[in-house]
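J.: Sequence and computational prediction follow.
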Amino acid sequence: WNEPIIFELHQKGEKGVEVPPVDEEITQLVGDGISDLPLEMKRKSKAALPEIGQARVLRHYLRLSQETLGSDFNVEIGQGTCTMKYIPKINEFLVRDPKLTELHPLQDESTVQGILEIFYKLDLCMREISGMDCFTFQPSGGTQALYTMASIVRKYHEVRGEGDQRDEIITTIFSHPSQAATAAVKGYKIITLHPDEDGFPDIEKLKAVVSERTAGFVVANPEDTGIFNGKINEFTKVVHDVGGLCYYDQANANGLLGITRAKEAGFDMCFFNLHKTFAAPHMCGGPATGALGVIEDLKEFLPTAIVDYKDDKYYLNDELPHSIGKIRAFHGVAQTVLRAYAWIRALGADGLKEVAKTAVLNNNYMYSKVRKIKGASAPYIKGSRLEQVRYSWEGLTKDTGVTTEDIQRRMTDFGLHYWTSHHPYIVKQPFTLEPTESYSKQDLDEYISALEQISKEAYENPMIVKEAPQQSTIHQLDEQDFLDHPEKWCITWRAYQKKVIHKQKSMSK
Amino acid sequence: WNEPIIFELHQKGEKGVEVPPVDEEITQLVGDGISDLPLEMKRKSKAALPEIGQARVLRHYLRLSQETLGSDFNVEIGQGTCTMKYIPKINEFLVRDPKLTELHPLQDESTVQGILEIFYKLDLCMREISGMDCFTFQPSGGTQALYTMASIVRKYHEVRGEGDQRDEIITTIFSHPSQAATAAVKGYKIITLHPDEDGFPDIEKLKAVVSERTAGFVVANPEDTGIFNGKINEFTKVVHDVGGLCYYDQANANGLLGITRAKEAGFDMCFFNLHKTFAAPHMCGGPATGALGVIEDLKEFLPTAIVDYKDDKYYLNDELPHSIGKIRAFHGVAQTVLRAYAWIRALGADGLKEVAKTAVLNNNYMYSKVRKIKGASAPYIKGSRLEQVRYSWEGLTKDTGVTTEDIQRRMTDFGLHYWTSHHPYIVKQPFTLEPTESYSKQDLDEYISALEQISKEAYENPMIVKEAPQQSTIHQLDEQDFLDHPEKWCITWRAYQKKVIHKQKSMSK
Amino acid sequence: MSQKIHPYIPNMVPEIQEEMLNEIGVQSVMELYNCIPKELQFQGNMDLPKPLTEYELRRYIEAILQKNINTKEYVSFLGAGCWQHFIPAVCDEINQRSEFLTAYAGEPYEDHGRFQALFEYQSLLAELVDMDVVNVPTFDWGQAAATSIRMAARITKRKKVLLAKTVAPERTKIITNYGSPDLEFEFIDFQLESGLMNLEDLIVKLSEDVAALYFENPSYLGFIESQGETIAKLLKEKGVLMIVGVDPISLGILAPPSHYGADIVCGDLQPLGMHMNFSGGQAGFITTRDEVEFVQEYPSRLFGIIPTIQKGEYGFGDVAYDRTSFALREKGKESVGTQTALWGITAGVYLALMGPDGMSDVGQAIRQNSQYAVKQLANIKGIKGSRFRSPFFKEFIVDFNETDMTVKDINQKLLQYKIFGGKDLSIEFPELGQCALYCVTEIHTKEDIDRLIDSLTEIIQK
Amino acid sequence: MSQKIHPYIPNMVPEIQEEMLNEIGVQSVMELYNCIPKELQFQGNMDLPKPLTEYELRRYIEAILQKNINTKEYVSFLGAGCWQHFIPAVCDEINQRSEFLTAYAGEPYEDHGRFQALFEYQSLLAELVDMDVVNVPTFDWGQAAATSIRMAARITKRKKVLLAKTVAPERTKIITNYGSPDLEFEFIDFQLESGLMNLEDLIVKLSEDVAALYFENPSYLGFIESQGETIAKLLKEKGVLMIVGVDPISLGILAPPSHYGADIVCGDLQPLGMHMNFSGGQAGFITTRDEVEFVQEYPSRLFGIIPTIQKGEYGFGDVAYDRTSFALREKGKESVGTQTALWGITAGVYLALMGPDGMSDVGQAIRQNSQYAVKQLANIKGIKGSRFRSPFFKEFIVDFNETDMTVKDINQKLLQYKIFGGKDLSIEFPELGQCALYCVTEIHTKEDIDRLIDSLTEIIQK
């Protein structure tokens, strides 16, 4: 498809959908609803939206959907740290039930016992999986969960009278950037630890930075490199010893379910991204849920309300004396809470453990295969890997000039996703793969052979790669400074009209 | 995508879905359910179906779906006589209601009042639209409706003691082939009328063939050419005068809703394809509904049961003394009955008339434009057109050697459907377009300009067209005699294994 | 006020209409209808209810549908040709895809996916029935059986057809309707205590005028016809074709009819992934060996796999298109048209998901659950379940003759327990008295069955 | 017995595992966990309920959900941040598409459709609010407001923020949470009889330390703040930015805040095509003028349209990516991550379907229906509706103080009439006594409203 921008489909007079009509008696009684508005608050002219018949709007968006590579359509293992697993269709049908979609969050508790039950039962499962004592599902994404944990850290120290004193949060460079960013929003100074030469977080460096100013420590484990820090409980102990809290980014716990838990590692809080570990869909970037669990002592700090159970009834408990307040409107993304619960129920305890084991098996299989590809390597070779690996094309780039970005575009031609890395590029020419448990050996081999072929191309005919994509939806972007120069960027169609079209017209005069 | 055949995805041991387990107490009580089967009725080895994980099955079929050009995705006007109109999404959501999908056809009438109400109310609407007096929705497609009407014709004459005497049914060459085919199945000799030189059915020819052997007359109006027979009531009179019944193929009544009806034209029966005229989807070829209406005198011949209404209750009426019996299991395709009813309710009487008028406007616009394309023409120029036109590339073929089949393949490159004609090709190098009411002028112009471009290519660089498709899912088929030679055709994968793969292997030895 | 533009009809916009009329060269749209004489034009307005906007429509239709009570709300033991089975969510996802939902009759290029999906359906079902040729689906089992019979008549060039008396009466109606006036039908008796075919009656009626015998296995009445091989032998002696109708969900554990000599096998796909939809989920199939005299007699489309000019690429096309009525009109083999392709694709998805083990598991589960039901029913005084002593699959006859109540009464009472009782057989099989055909599948839990037992016990002991 | 292979985990097949372990060069999968010391390994099995097959799961979950009563079954007058509106079926079709549902963070090539759909969302919403820059959606209105305020603080380099006291208390909690410890908040009073902002209080609290004033229009309490221009003038004098939160469904008829001087406009997309989903349908938006100092302060992704090397082809990319926390970690502008992109796409579909007339019609219908409700309520003795005399949009305060009943009691009683009454305000706004916030939209019919009136009349007169 070569689908125009939706505004280009405008045809004056066409109609996409009709609004339910107002009863004539009502109009007779109250008038047109507009004339009696304060003049200054009346909209002067209608919004300049396009007018398009229903079939054409549908066709437009359906075509755009086909130009989007959802995880249902490919071997989705190239978005390491964010890789999607199989999203069971049954769960999608369950969340479309009007008994969920048409619930208002303020309905009387007696009329929402079903959905409250789901929240509560998921909480119970999460407690078992993590070792924590209570969960909230209000945070609607990983960054919000991290932010919530940072807020709890602050409130905790405030309540203890150390709010001002403790102004530092420690993290590591191979943790997700949101860990640092959210703590900074909460007013903390960030201390970032770099790994030792084998890729492990360095406990000596930690010891060197902790102090009575330490408010908290946040880390992922394994980190983006896929390397597990086996001394994690020593890290948490060091932080606890100076009075800090430890919180755990378990957005992606694919390799660990039933194997190791936040509790045993000494964490006070953790969160799971339900759209990563618990097979909820990512939906182009949310809505999502960061399920946040805390130990008993921190329960009273959670945002209100949490779901509780008493006298055969589920209810919204907002009696949390030191609650940080609200982090998101109402209760969170109920659909995704349901999806995660359904997924856990489809697998059971043994199934979850198989998820972890197979994710690790799949990853180590790839790890073994990818390292054999000419030009590819995996830094920090001494650390063994769990569910993902950050690889490097440094060799290939040196040999051929082909970069990881070139390869990214070329992978598109194979109908595959491929992701490089978060900034900063500590690992040179990075790419990060995470196969999860969802893909078969045949799938993995397909992905690997695409990488192999591209490596071959890079050595034999690098232009194929450099000029990629060759057969994607669109051709190579002409970025110049269209994205970074204020005179040139166009964040909306109307801006484009002003900056580009209007300019072209005036130039052609 | 270059998706393999599903059997090629087989991996022993993988599982697509689990069957609900049997309660252990049941197993203890009754055993395994297999050992006690009669030996000769036990299946010896499991069916040789592939074993594939759920995600891979889903990916396979989702990819195949993307390789299918549904009417939602294109300007679907190139399948004249079968063109789809816009299929409202709201209707699709309505038919997914478990209050419909989970109904068993034999439930007590008191528990299916809702769906019976829909059947009955659609019947009332259809009566108004056609002028007929009672409808059945049992026939599940146009051919079945035609067959049912032929059955009624036979039964009618049998009841009157003329069953053996009346053994001929008359039709026209530009009517759908199913008209002749279904009457033949019902044991009738078929008499086919050819048009006069202006493309109109020829009443003199009809007069020449009617007799006491005439059982019935079946015709579409307008026919596939898009030409309306304005003397149709004279035709029906001629047939009635010799004691025959007249039935009307209104599969496609797009141009006539609210304009002219079966009743005024003198027909005794008619049918509408709900998936053509009433905007139900075609679903790759069914399930569908041929809504069949009859005049009061013929009601007693309808297949049982019809839905009736008495004492505030809807019920299944099977007291039809001369019923032809059953034509299809139970009640028909209830989903499509609901869709058609919803569509009528979305439009109302005025809306239906607008449908007809706009369909005719759109078609005449195209008619005007297409005739201006070099090499294209429309035979029978004297007949004005209603909702569709059968065109001809005869000129283009003479000039360039490019045939209508070449153009068909080339249209694929534009993401558009294009249909030639039913056999026999009376019109040379035919193609049949029907724009319906659903497409905007901009859509029609897009389609026309594709035809223009292909015409241009044919004259300037015919190989582009002859070697098409250039960028479709697959390349040109290599038909040879793979489809028509019994040694070579492969109607299943297992046949392919035997005939092709096995042969290749034995040859390579 | 200007006329409202309907969302479904973009070209109602007056300015656009004006432009188009100019191109055509007429003044008004109604002028284009000049070819329709005044006396044929409908005068006045159709008397239809007023149009509804989308939201009103949704609310209105949903309110009507709310009047239904479905088989999720009540436990149902109805079968008799339409059955409640487990439907994997992936089946619904695929058949609700906009692409498949709205595709029509495209060509092998732009509709490659549709062709492949239907070819795969043919191939998957072929494995289940163990036959080499499968058609694009027909309307339903009844029509598939009727066509199978007509095919047999054309192949043998004979006119007489034998039907087992236990064939579903509704299907018999369809078969005889499609068979008349060309064919003659005769019925073969069954044994009252087992349901099995009366072979003596068969022998008497067999002759060299007979084109085919049609029976069903498992039968409409649920029992398993175990005499297949013997019957096949008898038929073969007279050159009669054996046509067997089959519930495909039984074939994971039951021998497919091809194994005991069937020449043509037909049946209904509805159990393989289709919602019941008040009977909108039916779809028929016909399968045969890959022999030219069979293939040439199919009226249906048959998709074949063929090469393209690109080495290694698969394409698909219509096998022997020239036999169809599309090509030959009344000279074609019966007629072909829109039938139930989407259900074919869905059945393919179902079989691909289930695999060999799944089909075997589901057959087993059905057998076990239904045997359990019969066992428990037998404990209720006055009820005989099952009436036939022969092994059955999924359905069985419950005999209420000793209760002094009619099936109709019992079923009415069961409604109060939120149960749909089995189909009343007293009209179709008066020789059985007050009997009902019950259906138990893999979706029935022990609790469901126990609830039936408890309810029936209460009803009958009252 | 061999272990069951789960449908979600293909590589559980033992033979495959064997092959893979060979490639890796280890004996067992557990060996790969050697990097996790014993003491960290979880001993024993997790105590979770037993796994369910797909059919069991469906039946189990559906049974739980059946315990809910939804707003199709009862007529609801609840709003207060989550509203029941008409949702075109096309919106659901698009956001249920497998492609959009399962897409993640692909690149502009393979995810071209996702980029375009989000760019179009930005562009469509830009027309509705009449602003040039719109972000990829954030979590919800509260978070959008919080971010808008932080942006304002960064732009002005000031720390003090004024909030109208009529801002939704829940949003205030989110705002202050996101604002602390960096910012200080102060509240501006409202006029008790109209809800309008107390301008004197505003004047007192305005100073050159103030970064921004945030208020909502239409407000949480439903009234329309008509003093926008005056407020803007006051702010401008002190260099204070004006941030307005808005219900976008009002903007078909109400002036967008940019017209009366807002610098940043934020709000919730939920009314534009999202089901309520027990609050799972929320999504926030932030819009500004296209000025570099504003654009640079967005923490969110902003998709821009750019050329490709193919003339005439559109491509899309991230505008000023380097400002985000993806690029700069803690030095970035706040943080960015998974938010609510699918709801952005859906809101785009909604606006494309509605067009200018649809947005105007829906605004009008809401106004008319809600005015009707107020008019009828006023006829009930003891009830005052609406409490504020100023014009309102969609929501309004019903005053029950004279009935001697609490809102809580009344709402309990309304449940028996199958009605969800408006939100009890007695905790959030004790100064109003027993008042409730009622919401009436385009989906309420005259019959729905009349039913409310009749029920309330009965309840109060009892």
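T.: Noted; the coordinates are in hand. Residues are numbered from 1 along each chain as shown, chains lettered A, B, ... in the order given.
J.: Report how many residues lie close to C:Ala146.
T.: 28 (other C-beta atoms under 10 Å in any protein chain shown). In short, each C-beta sits where N, CA and C put it, glycine included.
J.: Please apply the same query to A:Asn363.
T.: Residues near A:Asn363, counting by other C-beta under 10 Å, number 28.
J.: how many other residues sit next to the closest residue to C:Ser300 other than its chain neighbours?
T.: Leaving aside its chain neighbours, C:Ser300 sits nearest to C:Asn135 (3.8 Å; criterion: C-beta to C-beta, 6 or more residues apart in numbering or on different chains). C:Asn135 has 27 neighbouring residues, counting by other C-beta under 10 Å.
J.: In contact with C:Asn135, which residues?
T.: Shown in contact with C:Asn135 (C-beta atoms under 8 Å, 6 or more residues apart in numbering or on different chains): C:122, C:285-287, C:298, C:300-302.
J.: Tell me how chain C divides into domains.
T.: Here chain C is described, according to automatic domain parsing, as comprising the domains C:10-55, C:75-85+C:357-461, C:89-351.
J.: Which one of these lies nearest to B:Gly255?
T.: Minimum separation from B:Gly255 across these (C-beta to C-beta) falls at domain C:10-55, 8.5 Å.
J.: so, in contact with chain D or not, that closest one?
T.: Yes. Against chain D, domain C:10-55 shows contacts by C-beta under 8 Å from any C-beta of the partner chain at C:54-55.
J.: repeat for stretch A:200-210
T.: No. Stretch A:200-210 is not in contact with chain D by C-beta under 8 Å from any C-beta; minimum separation 9.8 Å.
J.: Quick one: distance of that stretch to the chain centre.
T.: 28 Å (C-alpha atoms, centre = their mean, to the nearest Å).
J.: how about that stretch: buried residues?
T.: Buried residues in stretch A:200-210, defined by neighbour count with 16 or more other C-beta atoms under 10 Å in any protein chain shown: A:200-203, A:205-206, A:209-210.
J.: Narrow these to those in helices?
T.: Among these, DSSP state H puts A:203, A:205-206, A:209 in helices.
J.: Report the two of these separated the most.
T.: A:Ile203 and A:Val209 (11.1 Å).
J.: By mean pLDDT, flag the weakest helix or strand of chain C.
T.: helix C:325-328 (a mean of 80; mean pLDDT, DSSP states H and E).
J.: For that helix, enumerate the helices and strands it packs against.
T.: For helix C:325-328, the packing partners by 3 or more C-beta pairs under 8 Å, 6 or more residues apart in numbering or on different chains; DSSP states H and E come out as helix B:177-185.
J.: Following the chain onward from the helix it packs on, which element is next?
T.: strand B:189-193 (DSSP states H and E).
J.: That following strand pairs with which strands?
T.: Strand B:189-193 has its sheet partners listed here by DSSP bridges as strand B:168-172 (parallel).
J.: quick one: the strand it pairs with to helix B:177-185, angle?
T.: With axes from the mean of the first three to the mean of the last three C-alpha atoms, to 10 degrees as the basis, strand B:168-172 and helix B:177-185 are set at 170 degrees to each other.
J.: Pull the residues that contact strand B:168-172.
T.: With C-beta under 8 Å, 6+ apart as the criterion, strand B:168-172 contacts B:150, B:153, B:179-180, B:183, B:188-195, B:201, B:206, B:209-211, B:213-220, B:223, B:239, B:244.
J.: residues in contact with A:Ser377?
T.: Applying C-beta under 8 Å, 6+ apart, the residues near A:Ser377 are A:371, A:391-392, A:394-395.
J.: For ChimeraX, what selects the buried ones among those?
T.: A single ChimeraX command selects the buried members of the contacts of A:Ser377 (16+ other C-beta under 10 Å):
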select /A:391,392,394,395
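J.: Could you list the low-confidence segments of the stretch 301-450 of chain A?
T.: Of all residues in the stretch 301-450 of chain A, none has pLDDT under 70.
J.: need the residues of it near chain B, please.
T.: So the stretch 301-450 of chain A meets chain B at A:415, A:438-443 (C-beta under 8 Å from any C-beta).
J.: Next: the stretch 351-462 of chain C.
T.: C:351-369, C:371-372, C:375, C:391, C:411-412, C:415, C:420, C:423, C:442-443, C:445-446.
J.: Of those, which belong to helices?
T.: The helices, defined by DSSP H, take in C:351-369, C:371-372, C:375, C:411-412, C:415, C:446 from those.
J.: quick revisit: only the buried subset of the contacts of strand B:168-172, as a ChimeraX command please.
T.: Of the contacts of strand B:168-172, the buried ones go into a single ChimeraX selection, burial set by 16+ other C-beta under 10 Å:
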select /B:150,153,179,180,183,188,190,191,192,193,195,201,206,210,213,214,215,216,217,218,219,220,223,239,244
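J.: List the contacts of residue 262.
T.: Reading this off chain A. The contact partners of A:Ala262, taken as C-beta under 8 Å, 6+ apart, are A:130-132, A:248, A:250, A:269-270, A:293.
J.: um, chain C though
T.: Neighbouring residues of C:Ala262 by C-beta under 8 Å, 6+ apart: C:228, C:232, C:242-244, C:256.
J.: tell me the SS of it?
T.: Recorded secondary structure, C:Ala262: coil (DSSP: H, G, I helix; E, B strand; the rest coil).
J.: Could you check how far it is from D:Ser300?
T.: Counting by C-beta to C-beta, to the nearest Å, the gap from C:Ala262 to D:Ser300 is 66 Å.
J.: same check, this time on A:Asn74
T.: From A:Asn74 across to D:Ser300, the span is 27 Å (C-beta to C-beta).
J.: again with A:Ala279
T.: 26 Å.
J.: which of those two has more neighbours?
T.: Applying other C-beta under 10 Å to A:Ala279 and D:Ser300 shows that A:Ala279 carries more neighbours, namely 26 against 22.
J.: Verify the stated contact: the more buried one with A:Ile87.
T.: Yes. Judged on C-beta atoms under 8 Å, A:Ala279 makes contact with A:Ile87 at a distance of 5.7 Å.
J.: Next, the distance between the ends of stretch A:207-226.
T.: Taking C-alpha to C-alpha, to the nearest Å, stretch A:207-226 runs 23 Å from one end to the other.
J.: if you look at the contacts of A:Ser377, which of them are in strands?
T.: A:391-392 (DSSP state E).
J.: give the contact list for residue 318.
T.: If you meant another chain, say so; for now it's chain A. A:304-305.
J.: was after chain C, sorry
T.: Residues in contact with C:Asp318, defined by C-beta under 8 Å, 6+ apart, are B:483, C:301-304, C:324.
J.: C:Val292: neighbour count?
T.: 12.
J.: could you measure the residue lying closest to it once chain neighbours are set aside against B:Glu479, distance?
T.: Setting aside the residues directly before and after it, C:Val292 is nearest to B:Pro486 in space (C-beta to C-beta, 6+ apart), at 4.1 Å. To B:Glu479, B:Pro486 is 15 Å away according to C-beta to C-beta.
J.: again with A:Phe135
T.: A:Phe135 is 62 Å from B:Glu479, by C-beta to C-beta.
J.: more crowded one of the two?
T.: A:Phe135 (28 against 14).
J.: dump the residue contacts of the more buried one.
T.: Neighbours of A:Phe135 in contact, by C-beta under 8 Å, 6+ apart: A:122-123, A:126-127, A:291-294, A:306.
J.: per-residue pLDDT, it?
T.: We have a pLDDT of 98 for A:Phe135.
J.: Tell me which residue of the stretch 251-400 of chain A lies closest to chain B.
T.: A:Ala346 (9.2 Å; C-beta to the nearest C-beta).
J.: Output the contacting helices and strands for whichever strand or helix holds that residue.
T.: In this structure, A:Ala346 sits in helix A:334-370 according to DSSP H and E. Helix A:334-370 makes packing contacts with helix A:89-95, helix A:98-101, helix A:113-130, strand A:389-392, strand A:430-433, helix A:441-460, helix D:14-24, helix D:54-65 when contacts are defined by 3+ C-beta pairs under 8 Å, 6+ apart.
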